[in-house]
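# how would this look folded up:
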Amino acid sequence: MNLLSISNLAKIGREKPLFTGVTFGLQEGEKAALIGRNGCGKSTLLNTIAGLLPPDEGSVVINNEAGISFLPQNPLYKEDDSIRQHIFKSESQKLKVIRQYLEICNNLNEKNQNEYDQILIKMDQQDLWNYESQISSILTTLGITDMSKKMGELSGGMIKKVALAQVLVEDTKLLLLDEPTNHLDISTITWLQNYLATTKRSVLMVTHDRYFLDAVCTNIYELARNKLKLYQGNYSQYLEKKQIEMEIEANAERRIESVLRFEREWLLRGPCARGTKIKARIQRDQQLINREKFQAEKGYTFEVKGKRLGGKVLELKGISKNYAKASHVSQQNYQALENANLSASNQKNQKQIPVIKNFSYVFTKGQKIGIFGDNGSGKSTLLNIITGNLQPDSGSIDLGVNTKFGYYTQNPQFKDTNLTVLEYIKETAEHMKLNQGGNEVSASKFLEEFGFEGKIQYSPLSSLSGGERKRLYLVRLLLENPNFLVLDEPTNDFDIFTMNILEQFLMKYEGCLLLVSHDRYFMDKCVDSLFILEDNGDISGFVGKCSEYLELREEKMREAKLNKGGESLPLAPQSKLSSAPPSNGANNSTSGPVTPPKTEKKKLSFKEQKEFEELDREIPALEEEAKNLESQMSSSDFSIVQKASQRYKEISKLLEEKYQRWEELSEFA
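This is a model prediction of the structure:
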């Protein structure tokens, strides 16, 4: 059953169209992702589909039987609403009955016994017990237990969980999710990944989590050059298809340029345009000259020339930090404690919860450490203590003389949003010194290479999207040339392009790195050991990648279930030693039969000339067919998409072979 049909959708951005001619559909049970660079219009497209923004052109049709639930990138809520009020604010009659049932159960006494009996009858009549059980399971898994808490009291991670719960419990068949993994801990992301992969509901989401994309999605829609294009399969399959597509486009561009070299010479001779064939040839040449030229994806890697680290980098000695129980939910944002103006005597009267307990560690040059823990476990608290933004209750911090922090916070603040992008960067540096040969680049050039091109450099900060602002903040931070990077959720709201650049930088970074991220792929690429934050305030270590630790933890949990009733098995500390035997190596001797030198080829044979002319006719025809198939692959009819996709694969393979042969022959044509 078709749940969503979109036809010729268009939306104009601040300088140009964000997207035009967007046409596609979603079938029941289909899981699709929308990818593209920051600022290309992904969130705008989701908001338009959800009905929060009017389209400039086109239409969105949602099946009446489907219903739609939308999770925006930044959830909206009323601070005075309780969690229960927020989650059950839907107009669904089923949810209203379940909300009444939960409220009565929460305040059950002799006076409301009659109400309790009546609500039980309603639950039975509407067969809601199974639905209520599913809702309770979702809430419990997300750690939502006290439904009476006010939304304004919650941490950023908890607000995201409540907003996610509100979307998941709704009785709808279509989910629109904008960055659903942002601010969630890795354990919750793993659960959500499994939920979405197995649910019968249809999903259209924007996310940069590549493991998540691979596990959940069956289709990838890429928004680029104002157009939407479908790639069937998960993210890994998208990358393979994208690579082949780019090679085909690059080969086609080379072939056209080769043809135009001859045609330009012919045009410069001023041919008489009287004959029909001559006119057609001139018209074709003009079309080729004025075509939209192929642009390869811009990749950029850089190394900043950071300040040299000394012998002593950073030493933590017996660090401890406790929070009053009432403030524990907001410990991720430590300013909440300061704003609460809790005196020391008041905190002593409340139950203290250890967040960090007697932690000591000596950092050395080049270490790259990730911090693993659930929301509220104290990850941000640890970073704030290390960087001097929060004082520990006990213990000491000994900072090296040459150690210079670069601290990327979860929610960077911009004092003056009227500044332009270029002005904001120039406040830090006019030029940047690269590590490669000591070369310098201007701030403007550096911004271009990081995706801020053209007019956007002169746009005010207030006009940037959330992802663009965070990317700009990161650029400015790296321009300061720190030698100890502390990154707290740097990947939130970043597109995959930006994350690839950041990964390449961090992999080559020679200073120290301390990283908090919910993105498992990003953690695997950038760090080689972990700090594990336990529930009781202990911090243990794990040598290895994040995915390896998760596998170990799952294995231990399975063992614990098998040995139920026995002692719990430790998850950390653990170490991983690699003891692979050295390779004997291959024989590099060049002895063997010697191939006689070939006679140099100077021109094509008669047969090869005919083959070359035939390729000149076949390749354009296949390219034209491929373009027609691309438009068919955006159809809402699944059977049409399936046939077009199969033929597109065949043509892609054919073109690859013919391009290669054409290039071989063109050298002698």
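# got the buried residues for stretch 616-631?
Counting neighbours by 16 or more other C-beta atoms under 10 Å, one finds that the buried residues in stretch 616-631 are 619, 622-623, 626, 629. Just so you know, the C-beta spots here come from the backbone N, C-alpha and C atoms, and that holds for glycine as well.
# between those residues, which is nearest G67?
Of all the buried residues of stretch 616-631, G67 sits closest to L629, with 33.5 Å by C-beta to C-beta.
# okay, the closest one: pLDDT?
L629 is assigned a pLDDT of 78 by the prediction.
# quick check: it is in a helix.
Yes. Read with DSSP: H, G, I helix; E, B strand; the rest coil, L629 is one of the residues of a helix.
# residues making contact with stretch 129-140?
With contact meaning C-beta atoms under 8 Å, 6 or more residues apart in numbering, stretch 129-140 is reached by 87, 94, 98, 101, 123, 145, 147, 165, 168-169, 171.
# pull out the buried residues from it.
For stretch 129-140, a neighbour-count test (16+ other C-beta under 10 Å) marks 131-132, 135, 138-139 as buried.
# could you tell me how far stretch 383-397 lies from the centre of the chain?
Centre-to-centre, stretch 383-397 and its host chain are 31 Å apart (C-alpha atoms, centre = their mean, to the nearest Å).
# pull out the buried residues from that stretch.
Buried residues in stretch 383-397 (16+ other C-beta under 10 Å): 383-387, 390, 392, 395.
# just give me the closest of the contacts of stretch 129-140 to K561.
Using C-beta to C-beta, the contacts of stretch 129-140 come closest to K561 at T145, 22.7 Å.
# three-state assignment of the closest one?
coil.
# cool, and H518?
The assignment at H518 comes out as coil when based on three-state DSSP.
# hang on, isn't it packed against E489?
Yes. Using C-beta atoms under 8 Å, H518 is in contact with E489, at 6.8 Å.
# below-threshold pLDDT in the stretch 351-500 of the chain: ranges please.
Applying pLDDT under 70 to the stretch 351-500 of the chain flags residues 351, 432-438.
# just the helices in it please.
For the stretch 351-500 of the chain, the helices defined by DSSP state H, counting those that start in this stretch occupy 379-386, 421-426, 443-449, 466-479, 496-508.
# so which of those is nearest F19?
Taking the helices of the stretch 351-500 of the chain one by one with C-beta to C-beta, helix 466-479 is closest: 16.6 Å.
# which parts of the longest helix seen in the chain are buried?
Looking across the chain with DSSP state H, the single longest helix is helix 235-268. By neighbour count with 16+ other C-beta under 10 Å, helix 235-268 contains the buried residues 235, 237-239, 241, 245, 248, 251-252, 255-256, 259, 263.
# again with stretch 548-566
549-550, 552-553, 556.
# just the ones in helices from those residues, please.
Going by DSSP H, the helices hold 549-550, 552-553, 556 from the buried residues of stretch 548-566.
# mind putting these into a markdown table with pLDDT and distance to N63?
Converted to a markdown table, these look like this (pLDDT from 0 to 100; distance: C-beta to C-beta, whole Å):
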| residue | pLDDT | distance to N63 |
| --- | --- | --- |
| Y549 | 92 | 43 |
| L550 | 90 | 38 |
| L552 | 89 | 44 |
| R553 | 87 | 41 |
| K556 | 85 | 45 |
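# name the nearest of these relative to C512.
Once C-beta to C-beta is applied, the member of those that ends up nearest C512 is Y549, at 20.4 Å.
# separation between that closest one and S90?
Y549 sits 38 Å away from S90, going by C-beta to C-beta, to the nearest Å.
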